[in-house]
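A.B. asks: just need the structure, nothing else, for what follows:
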Amino acid sequence: LRKLDESGRLALFPPGETREKYASGAFAVIKDLDFDRFIVDSRPHNTLEKSSTRWVRSLAAGDLLCHVTLPESDVLVASTNDVRDFYNLFRVSRERAARNAFALQLTPSQCRNLGLSCWTEALASCDYVVPALATLAMGDTQAVELAQTAHLGLGLQHDIVDFEHLVALRLPLPRSSTFCGIVIDDFVACARVPRWPSEPSAAPSPAAVMADRMQDAYRSVGLIPHEEKAQRDCAQCSFWGIDLDGEKGFIRGSLKRAAPLAEIVLQIVALDYVTVGLLEMIAGGFISLFVYRRRMMCLLEEVFRAAKGRPQNAILQLGPALRSELLLLVGLLPAAVTDIRASFTETTYTVDASDWGEAVCEARLPAVFGEELARHSLRKGTWTRLLSPSAARLRSHGVLDPAEELPNPAETMRTHPLWMELFETLEYKTVWKKQSRARRHINIGELRAFLKAEKISKLPGKSTRTVIGGDSQV
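C.D. replies: Sure, this is the predicted structure:
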């Protein structure tokens, strides 16, 4: 409490001014070998609030950079900023501080003995005093929304950030060669710069200039830039949980996460036992790394099967299938990489399946246009469940109501006019079709057709990207 008071982050309240029934606890999460993060356990009060997610959608994420297209003539460089103690520098209203009240009662004499500067003699007549955090609490259900809004707003107000250059979860990747993104207290600007400039220059890239301007904006409002973490025009650097190699054009999950995960899994395999809770955490760790090579997520099968329906503290002995899968996942971790130098094909494909088989069609499309279409393509399926057998049969005969293909009719995708124009005006031809010899689910057939289109589109000798259209929302 004395430390919080010395930094202006403590408030004191008389009885009745806080919701003591919903008061908070606190705990620490390790930050590094010298410091812990102070986390407020606000779960009781969080139940009273509805979290806002409007500006959470402006968060950037490392896997969004997998959609960058990097030509052989360019190098991708990044400039990064970090703000020290970002949450702890927020000024909050007295009402917000009351919301952060701790489940703790102090006597007036205890407050005097602590020498708290926020103590006032008006509290001397109280039976007890309730301490509270007078800043934005890590653990507050609104914390990410408020912090992201403030950081983004600072960039907008100083004309550093605009939505044409912003990398965000709900926006297409910017077309420009310079772009930036914000993740709470982290600001990163990237730029595609010539690999072989005609005239070597020591001048910073537009991304580095953008990051420098943000540093100045921080200081203007009393924020503290973390100078040691700031990087400028780095082709090999780490941020947002990724390792970027802008020379080779590789993006992968951070090796600082991958190496410990691999070590833990190998120890579990040697021990031959694991708890369900630990197995779930391991699965989450692999997902966070395989998101940079999404197809690898199909390897996660036994880890989910083993944990399904069991309590977190249940202890499992590894069977042959689970042991083999864990070793396979560890062995393939180094391959969970996206090559952002991958070239777009000069063709686009459409795929479909019916009860009797699958087919792939293709049409000529300039690569530059394919790259633009890819900016607006789906990044994940709308639905991941198979239709029921009866619904699949109706679907195969073309009599299933489209609204019944999804559990919630509001989730049905609305086709953009651009796609309709593309499919109706290009001249398509059938390049592959195959009759299904055995009965199989129509969703399986649609997936097979999609994979076949990928195989057909592969450019010899180089990583390849292509645009594939289909009517399946799975």
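A.B. asks: and the lowest-mean-pLDDT helix or strand in the chain, what does it pack against?
C.D. replies: One helix or strand of the chain scores below all others by mean pLDDT, DSSP states H and E: helix 389-396, with a mean of 80. The contact analysis (3 or more Cβ pairs under 8 Å, 6 or more residues apart in numbering; DSSP states H and E) places helix 389-396 against helix 442-457. C-betas here are computed from N, CA, C, even on glycine.
A.B. asks: can you give me how far the helix it packs on is from the chain middle?
C.D. replies: 27 Å (Cα atoms, centre = their mean, to the nearest Å).
A.B. asks: got it, and stretch 144-163?
C.D. replies: Offset of stretch 144-163 from its chain centre (Cα atoms, centre = their mean): 18 Å.
A.B. asks: next, the buried residues of the helix or strand harbouring residue 267.
C.D. replies: Per DSSP states H and E: residue 267 is located in helix 255-271. Within helix 255-271, the residues that qualify as buried are 257, 258, 261, 262, 264, 265, 268, 269, counting by 16 or more other Cβ atoms under 10 Å.
A.B. asks: OK, contacts around residue 58?
C.D. replies: By Cβ atoms under 8 Å, 6 or more residues apart in numbering, the contact set of residue 58 is 148, 152, 166, 168, 169, 170, 171, 182.
A.B. asks: can you lay out these as JSON lines showing distance to residue 109?
C.D. replies: Below are these laid out as JSON lines (distance: Cβ to Cβ, whole Å):
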{"residue": "148", "distance to residue 109": "42"}
{"residue": "152", "distance to residue 109": "46"}
{"residue": "166", "distance to residue 109": "53"}
{"residue": "168", "distance to residue 109": "52"}
{"residue": "169", "distance to residue 109": "51"}
{"residue": "170", "distance to residue 109": "53"}
{"residue": "171", "distance to residue 109": "56"}
{"residue": "182", "distance to residue 109": "46"}
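A.B. asks: now these in CSV, with distance to residue 376 and pLDDT?
C.D. replies: Shown next, in CSV, are the contacts of residue 58 (distance: Cβ to Cβ, whole Å; pLDDT from 0 to 100):
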residue, distance to residue 376, pLDDT
148, 24, 95
152, 23, 96
166, 16, 95
168, 14, 94
169, 15, 89
170, 12, 85
171, 11, 89
182, 22, 96
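A.B. asks: from the residues you listed, which is closest to residue 82?
C.D. replies: residue 182 (11.4 Å; Cβ to Cβ).
A.B. asks: now the closest one, nearest residue through space, not along the chain?
C.D. replies: residue 151 (5.1 Å; Cβ to Cβ, 6 or more residues apart in numbering).
A.B. asks: that neighbour: which element?
C.D. replies: Using DSSP H and E, the element containing residue 151 is helix 143-157.
A.B. asks: by neighbour count, which of the contacts of residue 58 wins?
C.D. replies: residue 182 (24 neighbours; other Cβ atoms under 10 Å).
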